[in-house]
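>>> got a structure for you, letters missing:
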């Protein structure tokens with residue numbers, strides 16, 4: 001082998017060694033990059049899974065809350081309807097009491113009146129069946145009042161006691177409306193034991 005061939009062979013050998021070193025470094029670098037990419041992909045996947053689970057849990061919780069609220073509102077609406085029906089039945093019952101019992105209820109309301117004089121108004125139906133001694137009965141409760149001959153058909157039941165511009169509405173619906181919360185509590189306890 002000539003000295004020129006030796007030099008070329010030596011250069012080739014050095015080049016091959018450098019290429020091998022470069023290839024080894026490149027492969028090592030590629031493997032590190034690939035390993036880092038795999039780690040990042042795994043972290044991204046785990047974070048995405050965590051976020052999806054977290055969002056799913058939030059959505060499920062929000063859905064459950066909405067469902068619970070709708071169920072509660074439906075239950076309250078049903079209770080309200082039942083209470084309204086019961087109040088309506090109570091009012092209907094009171095309106096249709098026999099005359100003597102009906103007017104005893106009227107007298108009970110008269111006892112609670114704040115007015116002590118005036119004119120007593122009934123609707124047309126009640127005016128036809130009013131007891132003859134009604135003014136005397138009102139007087140027994142400290143109310144000096146005269147019975148009006150003119151019906152007041154804005155009253156469905158009960159009476160109105162009027163003294164000048166002051167009016168006390170003792171219609172059954174007005175009394176029930178005034179005592180609605182107390183009545184609802186009683187009805188609610190009975191209906192929803």
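It's in. The structure displayed is predicted, hence computed values, not measured ones.

>>> Only C-alpha atoms from now on, for both contacts and neighbour counts.
Will do.

>>> and the helix or strand hosting residue 109, what other elements does it pack with?
Using DSSP states H and E, residue 109 falls within helix 99-111. In this structure, helix 99-111 makes packing contacts with helix 134-140, judged by 3 or more C-alpha pairs under 8 Å, 6 or more residues apart in numbering; DSSP states H and E.

>>> still on that earlier bit, which parts of the helix holding residue 109 count as buried, going by neighbours?
Neighbour-count burial for helix 99-111 flags 102, 103, 105, 106, 107, 109, 110, 111 (criterion: 16 or more other C-alpha atoms under 10 Å).

>>> Report the next helix or strand after that helix in sequence order.
That would be, after helix 99-111 and using DSSP H and E, strand 117-121.

>>> pLDDT of the helix holding residue 109, averaged?
Average pLDDT, helix 99-111: 91.

>>> Identify the residues contacting that helix?
For helix 99-111, the external contacting residues (C-alpha atoms under 8 Å, 6 or more residues apart in numbering) are 94, 95, 96, 129, 130, 131, 137, 138, 141, 158, 159, 170.

>>> Give me the neighbour count for the nearest residue to the second one once chain neighbours are set aside.
Right, residue 95. Closest residue to residue 95 apart from its sequence neighbours, by C-alpha to C-alpha, 6 or more residues apart in numbering: residue 157 at 6.0 Å. For residue 157, the neighbour count with other C-alpha atoms under 10 Å is 24.
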